[in-house]
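S.K.: Using only what follows, build the 3D model:
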Amino acid sequence: MLFPAITFLMIFASASYLQILWYQQRMSSYQSQLDHNQAVILRNIAIANSIKKNQIMKFAQQKVEFQGTKYRITLENGRQITLNSPLNLSE
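M.R.: Numbers count the residues shown, from 1 in each chain. Have a look, this model is predicted:
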């Protein structure tokens, strides 16, 4: 009588643990996608404001640095993302 109950609890706990891991992975994936989209928006704003080579444009706790053909974006959470220029203009 005790063995089936313990087995059921172990299976239930394992299933719950796997579900938590799955949701944690999805949440991490969504955060990564959100960071990338935010970096693209900041890069596009910098391009619209005619950022020059080796210039740093600061936003609220975020910054965009133009390094020739690449843009280095530092987000509020400290993550740095490097994006290529969408126009590929030679400067």
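S.K.: what about the strands in this structure?
M.R.: With strands called from DSSP state E, the chain shows them at 56-59, 62-67, 70-74, 80-84.
S.K.: Centre of the chain to the second one, how far?
M.R.: Centroid displacement of strand 62-67 relative to its chain, using C-alpha atoms, centre = their mean, to the nearest Å, is 16 Å.
S.K.: Buried residues in that strand, which are they?
M.R.: Neighbour-count burial for strand 62-67 flags Val64, Glu65, Phe66 (criterion: 16 or more other C-beta atoms under 10 Å). For every residue, glycine as well, the C-beta is placed using N, CA and C.
S.K.: got the angle between that strand and strand 80-84?
M.R.: 40 degrees (axes from the mean of the first three to the mean of the last three C-alpha atoms, to 10 degrees).
S.K.: now strand 62-67: mean pLDDT?
M.R.: Mean pLDDT, strand 62-67: 95.
S.K.: Name the surrounding residues that touch it.
M.R.: Here strand 62-67 makes contact (C-beta atoms under 8 Å, 6 or more residues apart in numbering) with 42-43, 45-46, 51-57, 71-76.
S.K.: try 7 Å this time
M.R.: Contact with strand 62-67 is made by 42-43, 46, 51-57, 71-76, as judged by C-beta atoms under 7 Å, 6 or more residues apart in numbering.
S.K.: Filter these down to the buried ones.
M.R.: Leu42, Arg43, Ala46, Ile51, Met57, Tyr71, Arg72, Ile73, Thr74, Leu75.
S.K.: Out of these, which comes closest to Met10?
M.R.: Comparing the buried ones among the contacts of strand 62-67 against Met10 with C-beta to C-beta places Leu75 closest, at 41.7 Å.
S.K.: Quick check: phi and psi at that closest one.
M.R.: Here is the backbone geometry of Leu75 (degrees, to the nearest 10): phi -90, psi 170.
S.K.: hey, where'd the helices end up in the protein?
M.R.: Here the chain has its helices, by DSSP state H, at 2-48.
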